[in-house]
Structure formats: structure tokens, C-alpha cells
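S.K.: here is my input, please return the structure:
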Amino acid sequence: MNKYKKGAFQGIIVLNEKYFPSTWNFTAKVGATSFTMNVMDCLYKNNRYAGLILYKRDESLTYPVLEEKYIKNHIVITMKFNFNIETFLIKNVLEAAISRIMLMSSPFSLPIVYYQTDTLLKYHPQHVPCCVTHHGPFVEDFINHYSASESYIAFESKEKACHLTRQQKEGLLALNRKENVFVLQHSELQKNFIMKKGIDEKNIFKIVPPIALPNVKEITLMDKIFKFISVKKNEMLIISTVARIDYFKNLEFLITSLVKSLDSGIPIKVLIAGDPKDKGERRVALINLIPEHLKQYFLIIQTLPQNELYSLFKLVRNKATFLCTSRYETLGITPLEAAMMGVYTITPNSSLVEASMYFSDEDKFDYRPNQLESILRRIYKEKRYVRNLQADHLKKIFSDENFVESLLSSFQLIEQRFTMKQELIN
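M.R.: Got it, this is the predicted structure:
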């Protein structure tokens, strides 16, 4: 093992190959990808980025394989493997990938490996510090608040829920067993759960989520959205945008409540975006919940790429209300982004929807259609969506600067703690 220069750490990112974006303007398939790309961008801009390891499952292999290429003059190694291959072989190849990146980029710096998820933690070498962020949700924590049967719906099947539970237990076991693994956490829900599972709070570092006001120079939006959001003076626009339409997002409750609001005389139009264009089954299911005579007031479309989402927020700020109806959500970036861009936002009054902690009580509702209806009526009457109080409050908490400062200081602390432990051992 080399004698590393103190204060000269370099970060290596480990990411599932299928989530690596082909362009920078992408809709993240999972929230973890968006966060990981922000981590990579921060390290790159601060000269702390060494390279990237993409892992890809290949069931045809009997031995793991490494493939090397360069993107923007930085080394990218793809590690192909499957979980049936002997553990020691995967460990050896992962260690070889880390060593190769450091040899080609910064041989005298301490590598700190950032894992998108805890999938590969059990293969991580003992002599290299690493960190991971839990985006969640943990199946066990969801069951603690709801039920096992509901978890089968939320995670799409009993088989998937059970598989994910086993995988998450393995990750937590690796966290408990390895002294060189640290946690970068942006979610109090996740932090509280992993601490109950025995993770030392000293090994958990708080990261300010990378939420910042985008600079929207050019509006990019589909024509049918342009037409739909052009509401009359006496109408109120409601929007709800998600990456995936699933049990967590609770959009059936949203539809039921807004149908009730329309029937009671509140003049609203509703734009909902979610799921990829080629997967429209769940959008159709939502449309089928709407009575025929009210369908003209709803537009339900595919999930929006990031540039279109921000264009939408810019166009409807101070004119619309963003409605989050999630059952369970660690952090929840989109409602916070909407509010920061000036779109008045309301959330469930629930500690299980983490974004709600950043909003005042008057901007929250219980999971009852009648109560949500009364809040929407008040918003309409008072035109609360023209105010900027939420944006002003959130801008003090979230920014690129706060994210970068918290991330780099966490990496520095990981370097200090790891080197101190190594010195004590030696």
C-alpha cells in the first residue's frame, strides 16, 4: 500500500451501468442516479475526481471481466460480473479496477470510492475508504409504518420486496462489519433507520441535497402542455410531476380528491406527468378514475425530461399549485424544486414524506379528500400561489454552494478518520 499524500484524496464513482446517462440532459431513472451525477460533477469541478467504475450484470460469465475506455479524458472501467461468481474473484477484480484508475490518474492520492447503492459494498477492499448514500426506501422501514402486504404493492411484487429486503440486509451487514465504510446521508428517515440497525452515528455525514435554482434560458415544452396550462382568470392550475407512477406517489388519492373538488365547484385544471412514454398502462389507469364529464380538466402525460420540467415550473410560477400526495418519500426533490422556482407547493402532513418538514403547517394536508378539498378552496380564494414565501425560505437552506461544501468536507473527514485508523493499526 502506497504512502499517500495527506489532503490529496481523489474520488472514484461506482454506478450501475444501466443508469449511466447518455447525455447530461436526462430524466433520472432513479433518484440515486441524479444524486450520484451531482457528486461526480462536484468532484470533477474541484479536481477531486479520479474516474468511474460502471458495473453490469452478465449471467453468461464464469469470471468477472474489466473493460476500459475514456470519457472526457477520464478513465471509465466497466466491470461485468454476476452474483453466482465466487466472491473472492469479484473482490479481486473490483480492487484491480480501483488500482487501475488511481494508477492512471493520481497514484499518490488516497482513493475514496463513492457507491451509488450498497450493492457492491460486500466486495469492497478493506484498505480503501468508501462511502454510500441510501436513497431508499428500506422495505423493512416501509413495512414498519404500513404492512407487508402493502409493501408487495409498493415494490411491485412479493418476490421483488423480499429480494430487496435481503439485498438491503446484506448492505447493512457490510456497513456494520467494515470499518472503512461511511455513509453520506441527505435523509433523516434513512439515517434514523440505519442507526436503529447499529450503524454508528459518527460514521454518518450529513449532506445538503443538491437542489439549486436552474438557469432556464430557453423554454422547451410540448405544445399540448402550453395549451393546457393557459388557464382562464377564474381557474386554478394544479400540477403533480413524478418519475414513476407507483404506490408511493399515491396518485389515486390525488385523482379522487381533485374529482371531488371539481364536483364541489372549485374551478381547477390538473396536469399530471409520470412514467416513460412507452409505459402508459398506469397513466391509463389514472385516466379511468376520472368521470367522463370531467376528463377535459385533466392532462395526464409521460414524465418530463429535466429541461422541460424546469420550463414548466418557470412558466407556471406564481400561477399554479404543485400537489405532492406521496405516502412515503425520503426527501423528495421535485416538490422542493417546484417551491424554490416559485410554484406554490403543498404536501401531506406526514413525517414519512420528508419534504414536508420544510413547509409550514398551513401548506400541509391530511390524507382525507374533504380536508384537501377545503385547503384547495382556501388556496383558490386567497390566491396563495402568487406568493414567494416558500421560495425565499428554501433558498436559505438549499444551494449548490451548500451541497458542495457539505460533500467536500465529508470526504475530507472520511480521509482524516480513515488515515487515523490506519496509523493506529500500523
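
S.K.: show me what the host helix or strand of residue 35 is packed against.
M.R.: Taking DSSP states H and E as the definition, residue 35 sits inside helix 31-45. Helix 31-45 sits against strand 10-16, strand 49-57, helix 400-425, with contacts defined as 3 or more C-beta pairs under 8 Å, 6 or more residues apart in numbering; DSSP states H and E. C-beta coordinates here come from the backbone N, C-alpha and C atoms, glycine included.

S.K.: could you dump the ones you listed into TSV with mean neighbour count, mean pLDDT and distance to residue 185 added?
M.R.: TSV is the format used below for the helices and strands packed on helix 31-45 (neighbours: other C-beta atoms under 10 Å; pLDDT from 0 to 100; distance: least, C-beta to C-beta, whole Å):
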stretch	mean neighbour count	mean pLDDT	distance to residue 185
strand 10-16	23	95	17
strand 49-57	20	95	21
helix 400-425	16	89	10
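
S.K.: quick one: which of these is nearest residue 340?
M.R.: Comparing these against residue 340 with C-beta to C-beta, the closest turns out to be helix 400-425 (12.0 Å).

S.K.: so how far is that closest one off the chain centroid?
M.R.: 23 Å (C-alpha atoms, centre = their mean, to the nearest Å).

S.K.: and what of stretch 61-76?
M.R.: 26 Å.

S.K.: out of the helices and strands in this protein, which is least certain?
M.R.: helix 31-45 (a mean of 86; mean pLDDT, DSSP states H and E).

S.K.: need the helices and strands packed on helix 31-45 in TSV with distance to residue 193, can you?
M.R.: Formatted as TSV, those follow (distance: least, C-beta to C-beta, whole Å):
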stretch	distance to residue 193
strand 10-16	22
strand 49-57	25
helix 400-425	20
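
S.K.: and of the ones you listed, who's closest to residue 292?
M.R.: Here strand 10-16 is closest among those (C-beta to C-beta), at 42.8 Å.

S.K.: what's that closest one packed up against?
M.R.: helix 31-45, strand 49-57, helix 87-105, strand 111-115.

S.K.: for the record, mean pLDDT for stretch 355-375?
M.R.: On average, the pLDDT along stretch 355-375 is 93.

S.K.: and the helices and strands packed on strand 10-16, which is most packed in?
M.R.: Among the helices and strands packed on strand 10-16, strand 111-115 has the highest mean neighbour count (mean count of other C-beta atoms under 10 Å), at a mean of 23.

S.K.: pull up the pairing partners for that one, direction included.
M.R.: Here strand 111-115 has these sheet partners by DSSP bridges: strand 10-16 (parallel), strand 130-132 (parallel).

S.K.: pretty sure residue 319 contacts residue 237?
M.R.: Yes: Residue 319 lies in contact with residue 237 (C-beta atoms under 8 Å); the separation is 6.3 Å.

S.K.: what stretches of the chain score poorly on pLDDT?
M.R.: The chain contains residues with pLDDT under 70 at 1-7, 22-32, 426.

S.K.: which residue ranges of it form helices?
M.R.: For the chain, applying DSSP state H gives helices covering 31-45, 87-105, 139-145, 148-154, 158-177, 188-196, 223-228, 251-263, 281-287, 306-316, 333-340, 369-382, 389-395, 400-425.

S.K.: per the record, what domains does this protein have?
M.R.: Here the domain parsing of the chain from automatic domain parsing is 10-211+400-425, 223-395.

S.K.: dump those into TSV; add distance to residue 217 as well.
M.R.: Converted to TSV, the domains of the chain look like this (distance: least, C-beta to C-beta, whole Å):
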stretch	distance to residue 217
domain 10-211+400-425	13
domain 223-395	10
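
S.K.: of all the helices of the chain, which one is nearest residue 324?
M.R.: Closest of those to residue 324 is helix 333-340, at 4.3 Å (criterion: C-beta to C-beta).

S.K.: just want the angle from the closest one to helix 306-316.
M.R.: 40 degrees (axes from the mean of the first three to the mean of the last three C-alpha atoms, to 10 degrees).

S.K.: helices and strands around helix 333-340, which ones?
M.R.: Using 3+ C-beta pairs under 8 Å, 6+ apart: helix 333-340 touches strand 236-241, helix 306-316, strand 320-323, strand 344-348, helix 389-395.

S.K.: how about the ones you listed in JSON lines, adding mean neighbour count?
M.R.: Output for those, formatted as JSON lines (neighbours: other C-beta atoms under 10 Å):
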{"stretch": "strand 236-241", "mean neighbour count": "22"}
{"stretch": "helix 306-316", "mean neighbour count": "20"}
{"stretch": "strand 320-323", "mean neighbour count": "24"}
{"stretch": "strand 344-348", "mean neighbour count": "25"}
{"stretch": "helix 389-395", "mean neighbour count": "16"}
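
S.K.: I'd like those as TSV, with distance to residue 114 appended.
M.R.: Output for the helices and strands packed on helix 333-340, formatted as TSV (distance: least, C-beta to C-beta, whole Å):
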stretch	distance to residue 114
strand 236-241	28
helix 306-316	22
strand 320-323	31
strand 344-348	30
helix 389-395	26
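
S.K.: now do the contacts for the nearest residue to residue 349 once chain neighbours are set aside.
M.R.: Of all residues not flanking residue 349 in the chain, residue 364 sits nearest, at 3.8 Å (C-beta to C-beta, 6 or more residues apart in numbering). Neighbouring residues of residue 364 by C-beta atoms under 8 Å, 6 or more residues apart in numbering: 346, 347, 348, 349, 356.

S.K.: show me what residue 364 is bridged to.
M.R.: Where residue 364 sits in a bridge, its partners, by DSSP bridges, are residue 347.
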